[in-house]
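**Student:** just need the structure, nothing else, for what follows:
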Amino acid sequence: MTSIPNLLRVIVQQARRNFFFVRGYLSHHVGTMYADFSWSTAPLSHWTVPLIMAVIYNVIVFNLSSRIDSGAAVISPATTKTLYKLQQGHNLVLSLGSLVMMLGTIFELYRRSMASNGDNWWFVCEDMATQSKGPLFFWAYIYYLSKFYELFDTLLQMIKGRRPPSYFLHVYHHSVVMYMSWGWLEYSMSLMWAGLLFNTLVHTIMYYYYFLKSRGVSPWWKRHVTTIQVLQFSVSVFLGALLCHDVIWKGAQCSGLSFVCFNLVFNLTLLFQFASLLIGKSGQNKIGSKRSS
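**Tutor:** Sure, this is the predicted structure:
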C-alpha cells in the first residue's frame with residue numbers, strides 16, 4: 001500500500017513534469033508566432049471582422065442606451081459593486097497592456113533601426129514592398145486585437161445604468177478605431193509606428209487614471225489627460241501633413257497612402273471633438289472660478 005508521503009511525492013513530480021511540458025510547448029509556439037508572424041495568416045485578419053464587430057457593438061450600445069432611457073437599466077448595489085471591481089481590473093489590464101505594447105514596439109523599432117544602417121525614413125514613409133511580417137508587426141497585431149477588448153469600456157459603464165462621458169465621441173472612436181488598426185496591418189501603412197507609440201503611451205496614462213478614478217482616487221494630473229489626447233491627434237495630423245508634402249512635392253512612394261488619408265481625416269475629426277471638449281472644460285472652470293470669487 002502506498003504511503004501518503006510517497007503519494008504526495010508522486011503527485012508533485014507529475015505536476016513538475018506537466019508544468020515543464022506546458023512551459024516548453026507555449027514557449028515554442030508563442031515564440032514561433034512572434035518571430036514568424038504574418039498578418040496574411042493571422043486570426044481575425046479578414047476585412048469583415050472589424051466591420052462586423054463595429055455593427056454588433058453599436059447594436060448592443062443602442063439597446064443599452066434604450067434601457068437607460070426607459071429606466072430598466074437599474075441594478076442592485078451588489079451588482080454595481082461587482083461591476084466597479086471589474087472596471088478596476090479592466091482599466092489596469094489596459095494600462096499595463098498598453099505599456100507592454102509600447103515597450104515591445106520600441107524594442108523592435110530599435111532592432112529595425114540598427115539593421116537599417118541609420119536610414120530611418122521608413123518610420124515616416126514605409127517602402128512600397130514592405131509586408132506586415134515579423135516581430136515588429138506582431139506588436140501592431142496585438143494592438144489591433146486590444147481594440148476589441150477596449151469595447152468593454154462602454155459596456156461596463158452602460159450596464160451600470162449610465163452613459164460614458166462624451167458619449168458620441170466615445171462610441172464613434174471605438175467603432176472606427178478597429179477598422180483603422182486593421183488597415184495599418186493590411187496596407188503596411190506609413191506612419192503607423194508613430195501612431196502606435198503615441199496611442200499606447202496615452203492609453204498607459206489614461207487607463208491608469210481610470211483605474212485610480214474607479215478606486216475613488218483623484219490624481220492632481222487628471223486635468224491633463226484630455227490635453228495629452230489633443231496633443232496626440234495634433235502630432236498625428238502634423239506627421240500626416242509632412243508625409244503628404246513629401247509625396248506631393250518630392251514624389252515619394254510610400255506604402256498605404258490611401259489609408260494614410262483615411263487616418264488623417266479620422267484624426268482630424270477626433271482632434272476637433274477633443275479640442276471642443278477641452279475648450280468646454282476650460283470655460284466651465286473659468287465660470288466656476290468667477291462664481292467662487
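**Student:** point out where the stretch 151-293 of the chain drops to low pLDDT.
**Tutor:** Where the stretch 151-293 of the chain drops to pLDDT under 70, the residues are 248, 278, 280-293.
**Student:** give me that answer again for 50
**Tutor:** Within the stretch 151-293 of the chain, the ranges that satisfy pLDDT under 50 run 283, 286-293.
**Student:** helices of that one, start to end?
**Tutor:** 152-159, 167-186, 192-214, 225-250, 257-292 (DSSP state H, counting those that start in this stretch).
**Student:** turn those helices into CSV, columns for distance to Thr80 and mean neighbour count.
**Tutor:** Every C-beta, even on glycine, is put in place using the N, C-alpha and C of the backbone. Shown next, in CSV, are the helices of the stretch 151-293 of the chain (distance: least, C-beta to C-beta, whole Å; neighbours: other C-beta atoms under 10 Å):
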stretch, distance to Thr80, mean neighbour count
helix 152-159, 9, 18
helix 167-186, 20, 19
helix 192-214, 12, 20
helix 225-250, 24, 16
helix 257-292, 27, 14
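**Student:** can you list the domains in the chain?
**Tutor:** 1-35, 41-282 (automatic domain parsing).
**Student:** picking that back up, closest to Phe138 out of the helices of the stretch 151-293 of the chain?
**Tutor:** Phe138 lies closest, by C-beta to C-beta, to one member of the helices of the stretch 151-293 of the chain: helix 167-186, at 10.1 Å.
**Student:** report the inter-axis angle for that closest one versus helix 152-159.
**Tutor:** Going by axes from the mean of the first three to the mean of the last three C-alpha atoms, to 10 degrees, helix 167-186 is angled at 160 degrees with respect to helix 152-159.
**Student:** picking that back up, would TSV of the helices of the stretch 151-293 of the chain with distance to Val55 be doable?
**Tutor:** What follows is the helices of the stretch 151-293 of the chain, written out as TSV (distance: least, C-beta to C-beta, whole Å):
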stretch	distance to Val55
helix 152-159	14
helix 167-186	9
helix 192-214	24
helix 225-250	25
helix 257-292	18
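**Student:** those: which one's closest to Met114?
**Tutor:** helix 192-214 (15.2 Å).
**Student:** quick check: the nearest residue to Lys133 once chain neighbours are set aside vs Pro165, distance?
**Tutor:** Leaving aside its chain neighbours, Lys133 sits nearest to Ser38 (4.9 Å; criterion: C-beta to C-beta, 6 or more residues apart in numbering). Applying C-beta to C-beta, to the nearest Å, the value for Ser38 to Pro165 is 40 Å.
**Student:** who's more crowded, those two?
**Tutor:** Counted by other C-beta atoms under 10 Å, Ser38 and Pro165 do not tie: Ser38 has more neighbours, with 15 against 9.
**Student:** quick one, what contacts the more buried one?
**Tutor:** Ser38 makes contacts with 131-133, as judged by C-beta atoms under 8 Å, 6 or more residues apart in numbering.
**Student:** and it, what pLDDT?
**Tutor:** Among the per-residue scores, Ser38 holds a pLDDT of 95.
**Student:** looking at the protein, which helix is longest?
**Tutor:** The longest helix of the chain (DSSP state H) is helix 77-115.
**Student:** could you list the buried residues of that one?
**Tutor:** 83, 87-88, 90-92, 94-95, 97-99, 101-102, 104-105, 108-109, 112 (16 or more other C-beta atoms under 10 Å).
**Student:** again with stretch 51-71
**Tutor:** 53-54, 57, 61, 64-65, 68.
**Student:** please enumerate residues in contact with it?
**Tutor:** Contacts for stretch 51-71 (C-beta under 8 Å, 6+ apart): 73, 148, 151, 154-155, 158-159, 161-163, 171, 174-176, 178-179.
**Student:** now Gly216: phi and psi?
**Tutor:** phi 80, psi 10 (degrees, to the nearest 10).
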